[in-house]
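J.: Attaching a predicted model along with its sequence, questions to come.
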Amino acid sequence: MPVLEKITEINDVLKDVFNYTQRNETVKADFDEYLATIGSKNISLNQMEKIFLPYIFERRLNDKFILEMYKEEAKNKEVVDSLIDAQASIFEVKKILKSGFELYNLINEKTYTVSSLTKMTNFRGVYSGQYIAGRIFNFQDEYFIVEISSVLSHSQKTEAYRFAVMKLIQNPRALYYDNPEKEQEVLNAIKEMYEKFNKAFNTDIILTTNKHADDIIGAFNEGEEIDLSDKGSNIENYKFFHVKELENNYGNFLENSMGGFAAHNETYDVAVIFDKNKGLYAVPFYETFCHIFEDKDSVENAKQCIEYFLSNDSVPDTILERVYNKYPNFMEIVNGFLETSYTFEELVHKYKSEYFAHKLYSSATVLFCSNAFSEVFDIISAPKTEKPEITQKVGRNEPCPCGSGKKFKNCCGKG
């Protein structure tokens, strides 16, 4: 099928999706409420498109995305499936083409040639060297760009890479999605690091506390020897509690993460586990979780601990399986707290369904293999230097005397 016919087909589907948001009573009520909530009740059609696209891609109703709901009545399900699988990422604009772009995906490190669904005159403000937050998808072996939500200048490279890492932390699979070469790199890293971990510690699990976990992981990453004799857990009273440092909110998430587990004042147990198939995990309250199946009445907030392990996306199905295999009463205790009658298979399919739908590896391993994370980590971990004192008169558009290579107005002349 010629590209123009594909574009017509895709645009017809997008128009019908918009009509669907108006004809389906449940979706219409939610969309109207959504518009009211963000203060966009009376807007132009151009503004509506910028709001409509994120809505259909990201909004969930009754555990289904809007596009998944629309698919149930869609005539062209092939296009809808392609849209459902769209990649939301940040891209460096490599080239402006006659009918599209050449884009480098900062997250999965792959270059795409994409066609525009609209006239290129709609992208007059986009130039080579800039960064765009957008959404692309593959339809019948050709890539199309369906949305550009924001544009960053070439001087905002750090912000672009920070955004890429934020998206990667939210969805580690994005590193190797649509890039089998990158996934193979992750698998090779897991194999190499697993052998290194077992050689270093003669085990695949270390029980410690948040006060020592960072040192252990750091020593392993740097290939340094570390004495574990004084870094055991030694927990006397097992209890589960909320640790805000473990949240993945944005803000200064990278700087906060560098504080590590030790940033929390109160001591809690942490298991450093290397899963030979999925990578390195640091699992807070693992020993507390295990102790529930030894003496559940002695663990404070035992039910909340179980719910945490089931609902936390960073705890894979294999960690649950490890504990299940260790304690024959696992399902009896879990079902007792949840007031359910699951089998283990039913439990993991309900709470860890994402691990069955996709190949998922540990966030630590994914970040280790990410060029974007390495670049941002180098920036935020670099020693902070004070701006040099500028004595001579410098034009705003002249090179900054500090030697950064930036214009004075974008460097020491800021503010």
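T.: Great, that's in hand.

J.: so where does Val283 fall, helix or strand?
T.: strand 279-284 (DSSP states H and E).

J.: now the helix or strand just after that strand, how far from the chain's geometric center?
T.: Once the chain leaves strand 279-284, the next helix or strand it forms, by DSSP H and E, is helix 286-295. A distance of 29 Å separates the centroid of the chain from that of helix 286-295, by C-alpha atoms, centre = their mean, to the nearest Å.

J.: and the following helix or strand past helix 286-295, which residues are buried?
T.: Using DSSP H and E, the helix or strand that follows helix 286-295 in sequence is helix 302-311. Neighbour counts over helix 302-311 (16 or more other C-beta atoms under 10 Å) mark Ala302, Gln304, Cys305, Ile306, Glu307, Tyr308, Phe309, Leu310 as buried. No exception for glycine: its C-beta is placed from N, CA and C like everyone else's.

J.: Not counting its neighbours along the chain, what's nearest the first one?
T.: Setting aside the residues directly before and after it, Ala302 is nearest to Ile292 in space (C-beta to C-beta, 6 or more residues apart in numbering), at 4.9 Å.

J.: The third one too?
T.: Nearest in space to Cys305, with sequence neighbours left out and distances taken as C-beta to C-beta, 6+ apart, is Phe240 at 3.7 Å.

J.: and what of the second one?
T.: Distances taken as C-beta to C-beta, 6+ apart put Phe240 closest to Gln304, at 5.4 Å, once the chain neighbours are dropped.

J.: So in this protein, where's the weakest helix or strand by average pLDDT?
T.: Least confident helix or strand, the chain: helix 253-257 with a mean of 45, by mean pLDDT, DSSP states H and E.

J.: got the contact list for the helix or strand that that one is followed by?
T.: Tracing the chain C-terminally past helix 253-257 and defining elements by DSSP H and E, one meets strand 269-275 next. For strand 269-275, the external contacting residues (C-beta atoms under 8 Å, 6 or more residues apart in numbering) are 193-194, 197-198, 204-210, 213, 216-217, 233, 235, 238, 261, 280-288, 316, 318-319, 322, 362.

J.: which of these count as buried?
T.: Buried among the contacts of strand 269-275 by 16+ other C-beta under 10 Å: 193-194, 197, 206-210, 213, 216-217, 233, 235, 238, 261, 280-288, 316, 318-319, 322, 362.

J.: so where do the strands sit in this structure?
T.: 60-61, 64-65, 87-96, 100-105, 110-116, 131-139, 142-152, 205-209, 269-275, 279-284 (DSSP state E).

J.: where's Asp269 relative to Thr37, distance?
T.: From Asp269 across to Thr37, the span is 41 Å (C-beta to C-beta, to the nearest Å).

J.: quick one, which of the two is more surrounded?
T.: Taking neighbours as other C-beta atoms under 10 Å, Asp269 and Thr37 compare with Asp269 leading, 23 against 9.

J.: Is that one bridged to anything, and to what?
T.: Per DSSP bridges, the residues bridged to Asp269 are Thr209.

J.: Also the one 4 residues further on?
T.: On the basis of DSSP bridges, Ile273 takes part in beta bridges with Ile205, Tyr281.

J.: That one: neighbour count?
T.: That count, for Ile273 with other C-beta under 10 Å as the rule, works out to 23.

J.: Quick one: low-confidence residue ranges for the stretch 1-150 of the chain.
T.: 40-47 (pLDDT under 70).

J.: And for the stretch 201-350 of the chain?
T.: 245-264.

J.: Could you find the closest non-adjacent residue to Asn108?
T.: Asn179 (4.5 Å).

J.: pretty sure that neighbour contacts Tyr104?
T.: No: applying C-beta atoms under 8 Å as the test, Asn179 and Tyr104 come out as separate, 12.0 Å apart.

J.: Which residue lies closest in space to Ser153, excluding its sequence neighbours?
T.: Gln130 (5.9 Å).

J.: Look up phi and psi at that neighbour.
T.: Main-chain torsions, Gln130, degrees, to the nearest 10: phi -80, psi 170.

J.: so it makes contact with Ser150?
T.: No: in this structure Gln130 lies outside contact range of Ser150 using C-beta under 8 Å: 10.4 Å.
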